[in-house]
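Peer 1: fold the following and give me the result.
(one chain, ligands or ions: 1)
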Amino acid sequence: MTERVNYDQIAPTFDTRYAHSLYNVLTQVLRATIEAEHPERILEAGCGTGYWLAALNDLAPRIHGLDFSHEMLRKARQRNLSGGLLRATAEVLPFRDCSIDLIFCVNALHHFGPFENFIIESRRVLRPGGMLANFGMDPHHGRDAWCLYDYFPETRAIDLARYPSSDAIADSMLRAGFDSVACRTACRFATDRIGAQVFEDPELQRRGCSQMALLTDEQYAAGIARMKAAIASAPADVPPTFRADIAIMLQCGCIDR
Ligand SMILES: C[S@@+](CC[C@H](N)C(=O)[O-])C[C@H]1O[C@@H](n2cnc3c(N)ncnc32)[C@H](O)[C@@H]1O
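Peer 2: Purely as a prediction, here's the structure:
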């Protein structure tokens, strides 16, 4: 089993990723997905520092966030959120049956163990007409390019072990009793960093993302050394390009009215 990521350690620097405009397109897709449902009561499972709760705060009268990490929730409390924040695990949702209109999850479901329990719980707490919308990577389809996988080869194996595929999530939704499931690419995070610019990538920092956090110090140092060697060995006028082109997949499980 893959080691768990300690988000209390990541919390102080987690939001540096949101300085990047990459996330604007995901904000638009999230808003459109939620607005189409006209929900009264929303829950984000694995809400972290509350970035998405703040971005979507105006979309429903009640919008709740749930997370397991004290420190991530402490950051979330510093935001001006209208709804409540709960410390709980997503595998046992502290809500009554049929009490929520829409549950969403961003880059978090692969941390839940087992993720199927979260899907079963979501089915229980959603009202008729409700929706579970999960946004996240799927390293299993093999169509992403990510320099982190190339220079820190352990990260690819770790991700394949801990991320369920889009198909596995969809199957789990159907097994849990969702009446229909739709899967698509929500957006792509695509960016090229040239030469030493790569070291400005917030996700490349020691605990900049869960992929980096799960490496040993030795594995992390070896990956940074590989990047430095690639830069040093390239002609000065043709520095290497460090590419990320990653699909964020969306699985929507819907319950009939
Ligand atoms: C990559 S962060 C994503 C945070 C937020 N959704 C975002 O996109 O900014 C994953 C979050 O899932 C939370 N988490 C991990 N396992 C959890 C669990 N079993 N129950 C609830 N939250 C969990 C972590 O504490 C962390 O805040």
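
Peer 1: and stretch 121-130, which residues are buried?
Peer 2: 121, 122, 123, 124, 125, 126, 127, 130 (16 or more other Cβ atoms under 10 Å). (Glycine included, C-beta is placed from N, CA and C.)

Peer 1: how far away is the fifth one from residue 103?
Peer 2: Computed with Cβ to Cβ, to the nearest Å, the distance linking residue 125 and residue 103 is 7 Å.

Peer 1: now the fourth one
Peer 2: Using Cβ to Cβ, one obtains 11 Å as the distance from residue 124 to residue 103.

Peer 1: same question for residue 140.
Peer 2: Look at residue 140 and residue 103: by Cβ to Cβ, they are 23 Å apart.

Peer 1: for the ligand, give me its nearest residue in the stretch 1-150 of the chain.
Peer 2: Distances between the stretch 1-150 of the chain and the ligand by Cβ to the nearest ligand atom are smallest at residue 48, namely 2.6 Å.

Peer 1: ok, now which ones touch that residue?
Peer 2: Contact partners of residue 48, counting by Cβ atoms under 8 Å, 6 or more residues apart in numbering, are 7, 14, 67, 69, 72, 75, 76, 108.

Peer 1: tell me how far it lies from residue 106.
Peer 2: Taking Cβ to Cβ, one finds residue 48 at 8 Å from residue 106.

Peer 1: if we can go back for a sec, of the buried residues of stretch 121-130, which belong to strands?
Peer 2: Within the buried residues of stretch 121-130, residues falling in strands by DSSP state E are 126, 127, 130.

Peer 1: which ones are touching the second one?
Peer 2: In this case it means residue 127. Neighbour list for residue 127: 98, 99, 100, 101, 255 [criterion: Cβ under 8 Å, 6+ apart].

Peer 1: mind picking the two most distant members of those residues?
Peer 2: For the contacts of residue 127, the farthest-apart pair by Cβ to Cβ is 99 and 255; their separation is 13.1 Å.

Peer 1: ok, those two, which is more surrounded?
Peer 2: More neighbours surround residue 255 than the other of residue 99 and residue 255, with 18 against 14 (other Cβ atoms under 10 Å).

Peer 1: pLDDT value on that one, please?
Peer 2: Looking at residue 255, its pLDDT stands at 98.

Peer 1: how about residue 20?
Peer 2: Looking at residue 20, its pLDDT is 79.

Peer 1: ok, it - contacts?
Peer 2: Residue 20 makes contact with 191, 202, according to Cβ under 8 Å, 6+ apart.

Peer 1: cool, residue 89 as well?
Peer 2: Residue 89 makes contact with 68, 112, according to Cβ under 8 Å, 6+ apart.

Peer 1: SS state for it?
Peer 2: The three-state label given to residue 89 by DSSP: H, G, I helix; E, B strand; the rest coil is coil.

Peer 1: mind listing what whichever helix or strand residue 189 is part of pairs with, with the direction of each?
Peer 2: Element membership for residue 189, per DSSP states H and E: strand 180-194. In the sheet, strand 180-194 lines up against strand 241-254 (antiparallel) (DSSP bridges).
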